[in-house]
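> The amino acid sequence is not available; the structure is as follows:
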């Protein structure tokens, strides 16, 4: 009887943790997977399964740090194993109309697209350092590497992001005209 009560209590504590932290952990997983929501959900579910088995050991310590570490490592493994690039489609989607999105959403989308172009370990280092606001020592611990390597991965990732975000997306005269006015005069 006592064992059942303990198991129920453990299960309830795990459920409370998942309910409280799901949105933040999903957002982290999305950033680690380059914005792919479906991969992020799969990655988070995989991490939470691992957390469930480790829950008795980590519940009283730092379950979020454990999940963060599992997410970062799983995202890096996943990126090495498979190609997650663009998928061909029969027709191109319609460009968004003028005023459909706010500048903040556009900027966030640009940043997520640029993050998706980084190698998995650089992306993980940048996300953990600047989105999760972890110190370099903790980034290194999560990535399983020396502090100098984590620092290097972060610096290279930020430099690459700067380069990607300063390149104008519309490079031809036609693309610039269409993106500024919504149509081509010919």
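That came through fine. All of these numbers come straight from a predicted model, not from anything done at the bench.
> so who does the spatially most central residue of the chain touch?
Geometric centre of the chain, nearest residue: residue 31, 1.5 Å, by CA atoms, centre = their mean. When contacts are counted by CB atoms under 8 Å, 6 or more residues apart in numbering, residue 31 is found next to 112, 115, 123, 127, 131. For every residue, glycine as well, the C-beta is placed using N, CA and C.
> if I pick the fourth one, what's in contact with it?
By CB under 8 Å, 6+ apart, the contact list for residue 127 reads 28, 31-32, 115.
> Among those, find me the one that's closest to residue 140.
When the contacts of residue 127 are compared for distance to residue 140 (CB to CB), residue 32 wins out at 16.4 Å.
> Any idea how far the helix with the most length in the chain is from the middle of the chain?
If you go by DSSP state H, the chain has its longest helix at helix 2-32. Relative to the centre of its chain, helix 2-32 is centred 19 Å away, using CA atoms, centre = their mean, to the nearest Å.
> And the helices in the chain, which stretches?
So, for the chain - with DSSP H - the helices run 2-32, 37-58, 63-81, 103-116, 120-126, 136-143, 147-166, 173-181.
> Buried deepest among the ones you listed, which one?
Stretch with highest mean neighbour count among those: helix 120-126 (a mean of 24; mean count of other CB atoms under 10 Å).
> what about it, distance to the chain center?
Here helix 120-126 shows a centroid-to-chain-centroid distance of 9 Å under the convention CA atoms, centre = their mean.
> what's the answer for stretch 146-163, then?
16 Å.
> mind starting the numbering at 582 from now?
I'll keep to 582 as the first residue from here, and by that count the last item is stretch 727-744.
> contact partners of that stretch?
For stretch 727-744, contacts defined as CB under 8 Å, 6+ apart pick out 692, 695-696, 698-699, 702-707, 710-711, 717-718, 720-721, 724, 726.
> Can you name the residues that contact residue 671?
Per CB under 8 Å, 6+ apart, neighbours of residue 671: none.
> And the residue nearest to the centre of the chain, how close does it get to residue 741?
According to CB to CB, to the nearest Å, residue 612 stands 15 Å off from residue 741.
> Residue 671 now?
Counting by CB to CB - residue 671 and residue 741 are separated by 32 Å.
> ditto for residue 728
20 Å.
> Residue 729 too?
18 Å.
> Also residue 603?
Where residue 741 is concerned, residue 603 sits at a distance of 30 Å (CB to CB).
> State the distance from residue 692 to residue 624.
Per CB to CB, residue 692 is found 19 Å from residue 624.
> Equivalent analysis for residue 730, please.
Residue 730 sits 23 Å away from residue 624, going by CB to CB.
> likewise residue 611?
In terms of CB to CB, residue 611 sits 9 Å off from residue 624.
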